[in-house]
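Engineer: Just need the structure, nothing else, for what follows:
(chains A, B, C and D)
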Protein chains: 4
Amino acid sequence: MTINRPLRLALFGSGRIGQVHAANIAANPGLELAVIADPFVDGARKLAETNGADVVSDPSEVLARDDLDGVIIGSPTSTHVDLINKSVDRGLAVLCEKPIDLDIDVVTQCRERIGTPKSPIMLGFNRRFDPSFAAINRRVAEGEIGKLEQLTIISRDPAPAPRDYIAGSGGIFRDMTIHDLDMARFFVPDIVEVSATATNVFTDEYMEFDDYDSAVVTLKGRDGELITITNSRHCAYGYDQRLEAFGPDGMLSATNMLPTTVKKYTRTETEQSDPYMNFFLERYVEAYAAELEAFAQSIRTGEQSSPTFDDGVMALVLANAAEESVKTGSAVQV
Amino acid sequence: MTINRPLRLALFGSGRIGQVHAANIAANPGLELAVIADPFVDGARKLAETNGADVVSDPSEVLARDDLDGVIIGSPTSTHVDLINKSVDRGLAVLCEKPIDLDIDVVTQCRERIGTPKSPIMLGFNRRFDPSFAAINRRVAEGEIGKLEQLTIISRDPAPAPRDYIAGSGGIFRDMTIHDLDMARFFVPDIVEVSATATNVFTDEYMEFDDYDSAVVTLKGRDGELITITNSRHCAYGYDQRLEAFGPDGMLSATNMLPTTVKKYTRTETEQSDPYMNFFLERYVEAYAAELEAFAQSIRTGEQSSPTFDDGVMALVLANAAEESVKTGSAVQV
Amino acid sequence: MTINRPLRLALFGSGRIGQVHAANIAANPGLELAVIADPFVDGARKLAETNGADVVSDPSEVLARDDLDGVIIGSPTSTHVDLINKSVDRGLAVLCEKPIDLDIDVVTQCRERIGTPKSPIMLGFNRRFDPSFAAINRRVAEGEIGKLEQLTIISRDPAPAPRDYIAGSGGIFRDMTIHDLDMARFFVPDIVEVSATATNVFTDEYMEFDDYDSAVVTLKGRDGELITITNSRHCAYGYDQRLEAFGPDGMLSATNMLPTTVKKYTRTETEQSDPYMNFFLERYVEAYAAELEAFAQSIRTGEQSSPTFDDGVMALVLANAAEESVKTGSAVQV
Amino acid sequence: MTINRPLRLALFGSGRIGQVHAANIAANPGLELAVIADPFVDGARKLAETNGADVVSDPSEVLARDDLDGVIIGSPTSTHVDLINKSVDRGLAVLCEKPIDLDIDVVTQCRERIGTPKSPIMLGFNRRFDPSFAAINRRVAEGEIGKLEQLTIISRDPAPAPRDYIAGSGGIFRDMTIHDLDMARFFVPDIVEVSATATNVFTDEYMEFDDYDSAVVTLKGRDGELITITNSRHCAYGYDQRLEAFGPDGMLSATNMLPTTVKKYTRTETEQSDPYMNFFLERYVEAYAAELEAFAQSIRTGEQSSPTFDDGVMALVLANAAEESVKTGSAVQV
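Structural biologist: Residues are numbered from 1 along each chain as shown, chains lettered A, B, ... in the order given. Alright, predicted model coming up:
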């Protein structure tokens, strides 16, 4: 059975990521934003204006409604599990931003509590929906380069997050690398070993949180695949998001995106392109729209879509393993 | 005085280009599509559904309304001048697809009739709004490569238009090259000489219309600038739309756009990209949205925006000169 | 019959181009430089040192020798025809730098005088031997893009030649464009029409010689092929030498060469390459070596190799036609 | 004191690498190849022909000569230490191919025995002389991207070496990765920690030698620099040799080299380049010539040049540490 009418969604959180989802709902003719919930009602009200959505400060008002098909959870991490539990109880489809929670025990309890919900749950690993990464994933699956042997992921943020954010972020592996770990699992679902090295190379600011500004993670897949993730908390030339998939028959690569195709040639330089797109809101604009459409499609058909709740669990498990590897100096079997 | 409320627009024509404008109006929060006029009411009705616009078959019903700020003329070329005249009479802002008309006398009469209208008139030379071409134009104007000396325009359609279309198209110069001639004038408004060479190199089909499948046009600017336009009615690798601006301090170039950044490397090839975007609806999707926004801005402020009616006239004058040059074998002064 | 021993060559002229040939002879195990002739004996002596060649000031001393297989004429243009005539009389193979002469009558007389010489004569249109251009030429001939329809040649010198050089150069078409005209004929031997436009856009210095700093030439081939050549006497970003061959099945392009593959990414720019190679001695270093080897192969086998004397004649005919077209404003049939 | 006459060199080994050196000596006007020593006299004789060098089968005949300035050791690895010792005893400059020996004890003994020799000893880590890698190294040292933070090295061989070669190669780390480890130390001389992961992902053939077909190595520098090396024993698209240096002010990258600049555009693909250069003899042709010239310059001036004997020692130490890390699953401090 497929739902053919426009779907009615609720949005928890009207911050940066909530705004992205609200805009994509507005642009998607098959979706309607029914209500936005945020304790900071002013921001939510501003966002609701262009969408004609209701605004509430208390999430329970959302969960009490009976006109909803699904919810998008873009509120702070600490609220995720509670909202997931209650939404699942109400039979609502859920799209939850990563991470589910910073504590694996809390995540595991949530996993047990929800069991196999009737409605789909999707995790907000948006990069799986990036047109370039998704195309490589599909082409690798179709055998274009043979069986995958090596995967190289380079992922650098344009600028360090504020000190306060870092303090509560759960550390580089659970906050930043987790996206790359999910990307690794997008290509190689069965990871058997994690090794990681991390340093503070450009700032001492994170040391007090036992955190790092730079990291390298090596993953080994069940069939001997080798995956490297290179992270930095800063990057002068913008948001650096690249991937290479290597197999016996060749390689598929994806590089950063440019706002135009303009190149400049002068006495001192040639073939010079513009700066790269600054950060994830620009870089992954198409990915967020595609992610939302996949969520909608999942609701319409009732079929679970990737990335699942378990993908969220596994990404956290790998992030924890990476941290353990740094602390112990040993590879961690998972 | 600036209009702050959403602008109400009418659309003449619900064909391919009308659909582009309707979609862009829907996505632009500052615009509303009030009415679509098309004798083929069924297509218009389908288009209107998602926009909630009225549908009429007779253009005069549009012109009788008093709730409009402007009109977009996307109907067949033969209707352009009449709709421009009547819209201007009604004090409506006009965005008219190129060409104004295939007959320069008709265009000149229209020019005289409308004089200096109170409301803005804009010509639909969408490529001026392409982010890459617009960026080069701005950067050249800012002096980044010094005074412009040479401009190289390559413009090839992916596949020949149907024979019937060609028959009524006015010929390659007035139908296809006219866009490139306007691009030339975007950079060098004062063209003083036109030379052109044209051949039928891949099909004989156009000969009976005294038309060509391939053409090269050389323009000379008032200050000695040299501009080349290379056209072909077909192109195996997609819609080929490139531009290079050359000056004493360097060059700025824009090349074709790719759907992803994916590259492939195998035994027989390396650095292979996907096929280019197929045609103007994909290639110039951002340009059409920016053009519409410029039109809206023009209505709001009451200030005439480029490209103007006179830009439309001059492009046709140059197209006619190019055709004359091919027929006479001589350069034509304009 | 094939000669298997190392070939003994004479070199007329020890200037810039003579030095290139001398170095390539030294590096080619199948060639020996027997003698260098130059009135400026000092330069020749210096050059001969590393090659162990004899040095003479009078060309007739070269022609009197009986130990030679061929001559390379790299002396001033005014000496070319006389040296060709005498070398052919002596039965020697000839590799002569372009142009044969600036005066088509002189060239025609030379053509008649030498008739069909027993030994090969090759013209120094070195670009035919550039690995990229040669590869495209071969691949087009093999049908990789179907029948050639359009050829785009961009050719810009890094900096204007000195005023004195320009004065005696024969003008931009016979001095500079002639290389591009030969490149056009490398792909489309039968040119039937020439149109040209030329201006002085960045300096007035050449006007007194009735010459131009910038030019565009359009050629039409017998089968409707359209070829454009864009020339400038200066180019901030180095020696600009590019070519695109377009056919029904696709395009093959060659662009400028870089000294390394290094790219730079910063806050203000990305993917920035080094400046291009400065001028023909660097850009065409491989082409000169391959040209020499083709000449050697031609001597060994006795078989005439491209580019021929007649290729030299035709390039001059086209250069003259281009100049005539600029003066008359009309296309010139050839 | 500087030697101004041409230098006289001896070459041990006339195999693949010996041939490269012989050709570069022939092309370098400041060098003469006096003698080639190889038990397989036939190959040596053939090589000597074009160089006019003497040929001997017994190395001691070389060491007995008194007309030599230096020796190049390109014979099998097992002969390296003995030839180094004897050449140093004779006061000859030495350029020795990597590795010095597969056994670190043997290398250490050799190190102690030769002490600080009067004449320079250079190790054949040719990649330090690659124009692109050398340019990045110089530009990083000049501060162009600020203090180096991350280095990404990708290094894949085009095809697996024969089984017999692998059997005696010392394993992937000492045979293949060692070049990349030296490249890492070219940028970050002080490495403090080595982690490595290795698998057999495309063949089981190396398992019996306790060896791997694929490996990833992570190095940590004294100042927190993170370096990743990705190796594969095969690569469909050719010899994959890339490097990226990342710092606070940007990135410098070097990619693979192409034989021409030709690109192809068709219905199914665009911007397609030729296959990459096949293997090190083609890819590093300029590097070998520059390495030889650095060796010559070292002899002329008497000044030790990089890479030194100790660089050879350190590369082996790191290779051993990488192997240990794979075996123990722990990071190894060095």
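
Engineer: Pull the contacting residues for the residue most central in space within chain A.
Structural biologist: Chain A has residue A:125 as the residue nearest its centroid, 2.7 Å off, counting by C-alpha atoms, centre = their mean. Shown in contact with residue A:125 (C-beta atoms under 8 Å, 6 or more residues apart in numbering or on different chains): A:98, A:179, A:182, A:183, A:186, A:307, A:311, A:312, A:315. (Each C-beta comes from the backbone N, C-alpha and C, glycine too.)

Engineer: Closest one of these to residue C:330?
Structural biologist: Set against residue C:330, the nearest of those by C-beta to C-beta is residue A:183 (63.3 Å).

Engineer: Would you agree the closest one is in contact with residue A:130?
Structural biologist: No - contact between residue A:183 and residue A:130 fails when scored by C-beta atoms under 8 Å: they sit 9.3 Å apart.

Engineer: pLDDT below threshold where in the stretch 1-150 of chain A?
Structural biologist: A:1, A:50 (pLDDT under 70).

Engineer: For residue D:36, see how far away the residue in it positioned nearest to chain B is.
Structural biologist: At 4.1 Å from chain B, residue A:132 is the closest residue in the stretch 1-150 of chain A, using C-beta to the nearest C-beta. Distance, residue A:132 to residue D:36, using C-beta to C-beta, to the nearest Å: 53 Å.

Engineer: These two: which is more packed in?
Structural biologist: More crowded of residue A:132 and residue D:36, by other C-beta atoms under 10 Å in any protein chain shown: residue D:36, with 29 against 26.

Engineer: Around chain B, pick out the residues from the stretch 51-200 of chain A.
Structural biologist: A:131, A:132, A:135, A:136, A:139, A:144, A:145 (C-beta under 8 Å from any C-beta of the partner chain).

Engineer: one step back: isn't the residue of the stretch 1-150 of chain A closest to chain B up against residue A:256?
Structural biologist: No - using C-beta under 8 Å, residue A:132 is not in contact with residue A:256; the gap is 9.7 Å.

Engineer: what sits in contact with each of the two?
Structural biologist: Common neighbours of residue A:132 and residue A:256, counting by C-beta under 8 Å, 6+ apart, are residue B:261.

Engineer: how about the helices in chain A?
Structural biologist: A:16-27, A:41-51, A:59-63, A:80-89, A:104-114, A:131-141, A:163-167, A:172, A:178-187, A:280-283, A:285-301, A:309-328 (DSSP state H).

Engineer: wait, isn't residue A:32 in contact with residue A:9?
Structural biologist: Yes - if you go by C-beta under 8 Å, residue A:32 and residue A:9 touch, sitting 7.0 Å apart.

Engineer: Residues in contact with both of these two, list them for me.
Structural biologist: Common neighbours of residue A:32 and residue A:9, using C-beta under 8 Å, 6+ apart, are residue A:25.

Engineer: which of the two has more neighbours?
Structural biologist: Taking other C-beta under 10 Å, residue A:32 and residue A:9 do not tie; residue A:9 has more neighbours (28 against 18).

Engineer: mind checking how far the more buried one is from residue B:29?
Structural biologist: Remark: distance between residue A:9 and residue B:29 (C-beta to C-beta) = 19 Å.

Engineer: and if you look at residue A:297?
Structural biologist: Distance of residue A:297 to residue B:29, given as C-beta to C-beta: 26 Å.

Engineer: Residue A:291 too?
Structural biologist: 23 Å.

Engineer: The two: which has the busier surroundings?
Structural biologist: It is residue A:291, of residue A:291 and residue B:29, that has more neighbours when counted by other C-beta under 10 Å, with 26 against 10.

Engineer: That one against residue A:123, yeah?
Structural biologist: No - Residue A:291 lies out of contact with residue A:123 (C-beta under 8 Å); the separation is 9.9 Å.

Engineer: Which neighbours do these two have in common?
Structural biologist: Residues touching both residue A:291 and residue A:123 by C-beta under 8 Å, 6+ apart: residue A:95.

Engineer: rewinding a little: distance to chain C for the contacts of residue A:125 - can I get that in TSV?
Structural biologist: Shown next, in TSV, are the contacts of residue A:125 (distance: C-beta to the nearest C-beta, whole Å):
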residue	distance to chain C
A:98	28
A:179	21
A:182	26
A:183	21
A:186	26
A:307	30
A:311	32
A:312	33
A:315	29
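
Engineer: ok, those residues vs residue C:47, which is closest?
Structural biologist: Once C-beta to C-beta is applied, the member of the contacts of residue A:125 that ends up nearest residue C:47 is residue A:183, at 60.6 Å.

Engineer: Show the contacting residues for the closest one.
Structural biologist: Counted by C-beta under 8 Å, 6+ apart, residue A:183 has contacts A:125, A:127, A:128, A:133, A:153, A:243.

Engineer: and the gap between the fifth one and chain B?
Structural biologist: Which is residue A:153. 15 Å (C-beta to the nearest C-beta, to the nearest Å).

Engineer: which residues sit in contact with that residue?
Structural biologist: By C-beta under 8 Å, 6+ apart, residue A:153 lies in contact with A:180, A:183, A:184, A:227, A:228, A:229, A:230, A:242, A:243.

Engineer: hmm, 10 Å instead?
Structural biologist: Residues near residue A:153 by C-beta atoms under 10 Å, 6 or more residues apart in numbering or on different chains: A:127, A:133, A:177, A:179-181, A:183-184, A:187, A:217, A:219, A:227-231, A:241-245.

Engineer: If any of these are buried, give me the ChimeraX selection for them.
Structural biologist: Under the burial definition 16 or more other C-beta atoms under 10 Å in any protein chain shown, those of the contacts of residue A:153 that qualify are selected in ChimeraX by:
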select /A:127,133,177,179,180,181,183,184,187,217,219,227,228,229,230,231,241,242,243,244,245
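
Engineer: Contact residues of the stretch 51-200 of chain A facing chain D?
Structural biologist: Listed as neighbours of chain D in the stretch 51-200 of chain A under the rule C-beta under 10 Å from any C-beta of the partner chain: A:145-152, A:154, A:156, A:193-200.

Engineer: Which single residue of the stretch 51-200 of chain A ends up nearest chain C?
Structural biologist: Nearest residue of the stretch 51-200 of chain A to chain C (C-beta to the nearest C-beta) works out as residue A:158 at 9.8 Å.

Engineer: neighbours of residue A:207, just the number please.
Structural biologist: Applying other C-beta under 10 Å, I find that residue A:207 has 11 neighbouring residues.

Engineer: Then residue A:106?
Structural biologist: 15.

Engineer: so how many other residues sit close to residue A:209?
Structural biologist: 15.

Engineer: isn't it right next to residue A:161, touching?
Structural biologist: No - the pair residue A:209 and residue A:161 fails to qualify as a contact (C-beta atoms under 10 Å) at a distance of 11.6 Å.

Engineer: what residues does the stretch 201-334 of chain A put near chain B?
Structural biologist: Near chain B, when you scan the stretch 201-334 of chain A using C-beta under 10 Å from any C-beta, you find A:241-246, A:249-272, A:274, A:286.

Engineer: at 8 Å what do you get?
Structural biologist: A:249-257, A:259-267.

Engineer: Got a ChimeraX select line for the buried ones in these?
Structural biologist: Buried residues within those, by 16+ other C-beta under 10 Å, are selected in ChimeraX with:
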select /A:250,251,252,253,254,255,256,257,260,261,262,263,264,265,266
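
Engineer: Tell me which of the residues of the stretch 201-334 of chain A next to chain B fall in strands.
Structural biologist: Taking DSSP state E as the definition of strands, those contribute A:250, A:251, A:252, A:253, A:254, A:263, A:264, A:265.

Engineer: So what would you say the end-to-end distance of stretch A:109-128 is?
Structural biologist: Start-to-end span of stretch A:109-128 (C-alpha to C-alpha, to the nearest Å) is 26 Å.

Engineer: Same question for stretch A:4-22.
Structural biologist: In stretch A:4-22, first residue to last residue: 21 Å (C-alpha to C-alpha).

Engineer: Stretch A:90-101 now?
Structural biologist: End-to-end for stretch A:90-101, by C-alpha to C-alpha: 21 Å.

Engineer: Against residue A:47, how distant is the closest residue to residue A:35 other than its chain neighbours?
Structural biologist: Using C-beta to C-beta, 6 or more residues apart in numbering or on different chains and skipping the chain neighbours, the partner closest in space to residue A:35 is residue A:54 (4.2 Å). The span separating residue A:54 from residue A:47 equals 12 Å under the rule C-beta to C-beta.
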